[in-house]
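J.: can you look at this prediction? I've put the sequence above it.
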There are 2 protein chains.
Amino acid sequence: MGTITKALEMLNCFSRKRPEIGLSEFVRLTGRDKATVHRHLSELEQNGFLEQHPVTRAYRLGPAILRLSAVRETTNPLRSVVRPIILELSNEVGELVHFSMLQGLSLSPVHNADPRIHGTQVFFDEAELLPLHATASGLAILAFSPGKFVDRVLARPLQRFTENTITDPDTLRDMIAKVRETGFSFLEQGFDKEVTSRGVPIFGPDGTVLGALAVAIPHTRLTDEKSAAALAVLRKGMVRITRSIGGTIPPEHAHKWCIDD
Amino acid sequence: MGTITKALEMLNCFSRKRPEIGLSEFVRLTGRDKATVHRHLSELEQNGFLEQHPVTRAYRLGPAILRLSAVRETTNPLRSVVRPIILELSNEVGELVHFSMLQGLSLSPVHNADPRIHGTQVFFDEAELLPLHATASGLAILAFSPGKFVDRVLARPLQRFTENTITDPDTLRDMIAKVRETGFSFLEQGFDKEVTSRGVPIFGPDGTVLGALAVAIPHTRLTDEKSAAALAVLRKGMVRITRSIGGTIPPEHAHKWCIDD
DNA sequence: GTTTTATGGTTTATTATTTGAACCGTTGGT
DNA sequence: ACCAACGGTTCAAATAATAAACCATAAAAC
């Protein structure tokens, strides 16, 4: 593993639950030597990717991150485009709707909206990388990705999150085939024990899968009507997001979502 | 220079004007070997900090940046806090208002708002790192930073941006002393030939300078009333931002901005 | 239609950077 | 007064980064 990757992996240690990390904790998290970790931290800090609290000496994400995200958003808006759409959709279906991007072999959450109308809510940590094999979003992405990519994802060890998580590659392939047919992914309690999800892929300007839109429904609240409403919302959201970001739905797949230009 | 810094510097090559960069262009920008640059780019991409356009093969900032900025904003909101305040202030004074954070020895713009009521507008690229010695924001920061830090900034070569840019360390020290006295920084055509700026420092929770708030006024539109209005707006903005982010204005300086808790 | 020049990407021995055990100085608890 | 945990530093040894030469492709130039 290269030095750069080691440093970048340290940035990925931060999450909503763990916004500040000290040297020793980093050593524990990464399993690397203290001197190494310290040098990496210093270098990240000098470049503004981290900043150090002057008294606690703990590190947190720095201003460079903010600036770069602003650059990306002004030149290639995604969050700002997706945010209002997600909000509207979540109100319509009355459940948590979220959009994630494909990042390597994982999902990187971009935005989620939760209409706080119910007592029970789906917990969603926007800060965590999500697995492809155990989420509706992931299955939606895999279903419209090249076979080679699917092979690579299924070849590695597949983590089990609940007793319902499917970790058998062949079963997953069957599910993916079904998603590819219908255009929508289904997942019951695969990542979170209490949650059922529905997802659709989102295609980018070049016609390749860029991310996925999904609805997460508490298992207790799942009915046929709810499920149908989720699919309707996903279909609508897919069309709007694709249009807004200048995406292209591959013509050979378009009919699955009744898209008729 | 460490490998990590080299890789992070490549990320800093991106700006609003240069949102996509190819391998060869990177080689030109960094002056490093092609093989080296390519390996760095690959490593950044594998970790989601860059993504590669599948057909043009050019690189742009990736999803990891978006996710990390979301983490920072949820755990330590700054942009979202500052945005509405800046907007209101810019409408009030009728000029461009911007907030920047201190990042190493430079300024990292966080947000700016421009009330598009005038024909001429100040151009402001949110994507560029700004110098401390040639901006009102920078002077405001230097005036309330430890002497050691000022020494470090003034010791390095000071770039000249216009014929009015002050690059003499002693003159700059005089100016900084005056800012420290009055609480407000003044700069005429130091960074942009057509622009005059006023700035104030913003203090963080630990009482150290975190960034600066500034108003940029086209030189042609500058009057005494405008200048007074700018100072009033800066004072108000400083108080509001400091309060919102839980900052602490050092008691020995507070009187400069007529802060009476 | 061939040549030239640009691009992105890869390989290799050589070189220089990264690494980690042991060390130091503080702080906070017992 | 002691111990443990923390952040940080040092320096020889080991590993990873480097740069020249190379390949393939595509678009201009001739």
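T.: Arrived safely.
J.: show me where chain A has its helices.
T.: Assigned helices in chain A, in chain order: A:3-11, A:23-30, A:34-46, A:63-75, A:79-93, A:136-143, A:147-155, A:169-182, A:224-244, A:251-254 (criterion: DSSP state H).
J.: now the second one and helix A:3-11, what's the angle there?
T.: For helix A:23-30 against helix A:3-11, the angle between stretch directions is 110 degrees (axes from the mean of the first three to the mean of the last three Cα atoms, to 10 degrees).
J.: centre of the chain to helix A:23-30, how far?
T.: The chain centre lies 25 Å from the centre of helix A:23-30; the measure is Cα atoms, centre = their mean, to the nearest Å.
J.: just checking, A:T5 touches B:E45?
T.: No. Here A:T5 lies out of contact with B:E45, judged by Cβ atoms under 8 Å, at a distance of 10.7 Å. The way it works is simple: take the backbone N, C-alpha and C, and place the C-beta from them, glycine included.
J.: re earlier: determine which stretch of the helices of chain A is the most buried.
T.: Across these, averaging neighbours per residue (mean count of other Cβ atoms under 10 Å in any protein chain shown) puts helix A:136-143 on top, at a mean of 29.
J.: next, the angle from it to helix A:147-155.
T.: Using the same axes, to 10 degrees: helix A:136-143 against helix A:147-155 is 140 degrees.
J.: which neighbouring elements make contact with helix A:136-143?
T.: If contacts are counted by 3 or more Cβ pairs under 8 Å, 6 or more residues apart in numbering or on different chains; DSSP states H and E, helix A:136-143 sits against strand A:96-103, strand A:106-113, strand A:130-131, helix A:147-155, helix A:169-182, strand A:185-188, strand A:195-203, strand A:209-218.
J.: need the residues that contact it.
T.: Contact partners of helix A:136-143, identified using Cβ atoms under 8 Å, 6 or more residues apart in numbering or on different chains, comprise A:98, A:100, A:102, A:107, A:130-133, A:149-150, A:153, A:172, A:175-177, A:179-180, A:184-187, A:190, A:197-201, A:209, A:211-214, A:216.
J.: now A:V150, nearest residue through space, not along the chain?
T.: A:L142 (5.3 Å; Cβ to Cβ, 6 or more residues apart in numbering or on different chains).
J.: quick one: A:H40 and A:M10, what's the gap?
T.: Computed as Cβ to Cβ, to the nearest Å, the A:H40 to A:M10 distance reads 6 Å.
J.: same question but for A:S185, I mixed them up
T.: Distance of A:S185 to A:M10, given as Cβ to Cβ: 33 Å.
J.: same deal with A:T208?
T.: In terms of Cβ to Cβ, A:T208 sits 30 Å off from A:M10.
J.: can I get the helices of chain A in a markdown table with mean pLDDT?
T.: Listed next are the helices of chain A as a markdown table, based on pLDDT from 0 to 100:
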| stretch | mean pLDDT |
| --- | --- |
| helix A:3-11 | 95 |
| helix A:23-30 | 95 |
| helix A:34-46 | 95 |
| helix A:63-75 | 91 |
| helix A:79-93 | 94 |
| helix A:136-143 | 97 |
| helix A:147-155 | 92 |
| helix A:169-182 | 97 |
| helix A:224-244 | 95 |
| helix A:251-254 | 92 |
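J.: nearest to DNA strand C, of the ones you listed?
T.: Between DNA strand C and those, the shortest separation by Cβ to the nearest atom of the strand is 3.3 Å, and it involves helix A:34-46.
J.: now do that closest one and helix B:3-11, the angle between them.
T.: 20 degrees.
J.: helix A:34-46: how far from the chain's middle?
T.: Worked out by Cα atoms, centre = their mean, helix A:34-46 lies 28 Å from the chain centre.
J.: same deal with stretch A:23-34?
T.: With Cα atoms, centre = their mean, you get 26 Å for stretch A:23-34.
J.: let me know the pLDDT of the residue of chain A positioned farthest from its centre.
T.: Distance from the centre of chain A peaks at A:V55, with 34.6 Å (Cα atoms, centre = their mean). Looking at A:V55, its pLDDT stands at 87.
J.: and A:P77, by the same measure?
T.: Note for A:P77: predicted pLDDT of 90.
J.: what's the average pLDDT for stretch A:198-211?
T.: Averaged over stretch A:198-211, pLDDT sits at 92.
J.: gap between the two ends of that stretch?
T.: Chord length of stretch A:198-211, first to last residue, is 14 Å (Cα to Cα, to the nearest Å).
J.: identify each buried residue in that stretch, please.
T.: A:R198, A:G199, A:V200, A:P201, A:I202, A:F203, A:G204, A:T208, A:V209, A:L210, A:G211 (16 or more other Cβ atoms under 10 Å in any protein chain shown).
J.: return the residues in contact with the third one.
T.: A:V200 makes contacts with A:A140, A:G183, A:F184, A:S185, A:A212, A:L213, A:A214, A:L234, A:R235, A:G237, A:M238, A:W257, as judged by Cβ under 8 Å, 6+ apart.
J.: just give me the closest of those residues to chain B.
T.: A:A212 (12.5 Å; Cβ to the nearest Cβ).
J.: isn't that closest one up against A:F203?
T.: No. With contact defined as Cβ under 8 Å, A:A212 does not count as touching A:F203 (10.3 Å).
J.: so what sits against both of these two?
T.: The contact sets of A:A212 and A:F203 do not overlap (Cβ under 8 Å, 6+ apart).
J.: show me what stretch A:67-82 is in contact with.
T.: A:48, A:99, A:101, A:110-111, A:241, A:244-245, B:11, B:14-16, B:19, B:60-61, B:65-66, B:68-69, B:103, B:108-110, B:126-127, B:129.
J.: how about the residues of the stretch 51-200 of chain A near DNA strand D?
T.: A:Q52, A:R57, A:A58 (Cβ under 7 Å from any atom of the strand).
J.: contact residues of the stretch 1-150 of chain A facing DNA strand C?
T.: A:T3, A:K6, A:R32, A:D33, A:K34, A:A35, A:T36, A:R39, A:H40.
J.: make CSV out of those residues and add distance to A:S24.
T.: Shown next, in CSV, are these (distance: Cβ to Cβ, whole Å):
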residue, distance to A:S24
A:T3, 21
A:K6, 17
A:R32, 12
A:D33, 12
A:K34, 8
A:A35, 13
A:T36, 13
A:R39, 15
A:H40, 14
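J.: farthest pair within these?
T.: Spatial extent of those (Cβ to Cβ) is set by the pair A:T3 and A:K34 at 16.1 Å.
J.: ok, A:V153 - contacts?
T.: Contacts here follow Cβ under 8 Å, 6+ apart; on that basis A:V153 touches A:L105, A:L132, A:H133, A:L142.
J.: and which of these is nearest DNA strand C?
T.: A:L105 (18.0 Å).
J.: grab the nearest non-local neighbour of the residue farthest from the centre of chain A.
T.: Ranked by Cβ to Cβ, 6+ apart and with sequence neighbours excluded, the top spatial neighbour of A:V55 is B:D206, at 6.3 Å.
J.: which residues does the one you found contact?
T.: Counted by Cβ under 8 Å, 6+ apart, B:D206 has contacts A:H53, A:P54, A:V55, B:T248.
J.: mind running it again at 10 Å?
T.: Residues counted as contacts of B:D206 (Cβ atoms under 10 Å, 6 or more residues apart in numbering or on different chains) are A:H53, A:P54, A:V55, A:T56, B:G247, B:T248.
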